[in-house]
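[1] Here is a sequence with its predicted model. Questions after.
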Amino acid sequence: MPYVAYRFSYSRSGAEGGIAYAPVETWQVELYSESKDQASERLLEAALCSRGWAVEKREYQHFDPYPYIQTIYIVTTVG
């Protein structure tokens, strides 16, 4: 640790006036660390934000089978 995992969550496409436009996709980028790792969080956040993506952050502390922190970034992309 630390390590990063990512996965596709879902996509949707919008339409206006009967014309479909670019799909909107949602991804989860997850940072796992043994304890709060602000340096890794800053690096990952900078990488995500540099792309201009909308990002929502959530953090969870787990204790089973061993203690670790899971920081989830919900990333929304268009196109």
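    Received the coordinates, thanks. Residues are numbered from 1 along each chain as shown.

[2] And the helices in this protein, which stretches?
    38-50 (DSSP state H).

[3] And the strands in it?
    If DSSP state E is used as the criterion, the strands of the chain fall at 3-16, 19-33, 54-62, 68-78.

[4] Run through the neighbouring helices and strands of the last one.
    In this structure, strand 68-78 packs against strand 19-33, helix 38-50, strand 54-62, with contacts taken as 3 or more C-beta pairs under 8 Å, 6 or more residues apart in numbering; DSSP states H and E. Glycine gets a C-beta too; all of them are placed from N, C-alpha and C.

[5] okay, those in TSV with mean pLDDT, mean neighbour count and distance to residue 76 next?
    Below are those laid out as TSV (pLDDT from 0 to 100; neighbours: other C-beta atoms under 10 Å; distance: least, C-beta to C-beta, whole Å):
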stretch	mean pLDDT	mean neighbour count	distance to residue 76
strand 19-33	89	15	5
helix 38-50	95	13	11
strand 54-62	95	12	4
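
[6] of all these, which lies closest to residue 5?
    strand 19-33 (4.9 Å; C-beta to C-beta).

[7] by contact count, what packs against the closest one?
    strand 3-16, helix 38-50, strand 68-78.

[8] partners of it, with directions?
    According to DSSP bridges, strand 19-33 forms sheet pairs with strand 3-16 (antiparallel), strand 68-78 (antiparallel).

[9] list the contacts for residue 59?
    For residue 59, the contacting residues are 69, 70, 71, 72, by C-beta atoms under 8 Å, 6 or more residues apart in numbering.

[10] I'd like the distance between it and residue 28.
    Distance, residue 59 to residue 28, using C-beta to C-beta, to the nearest Å: 13 Å.
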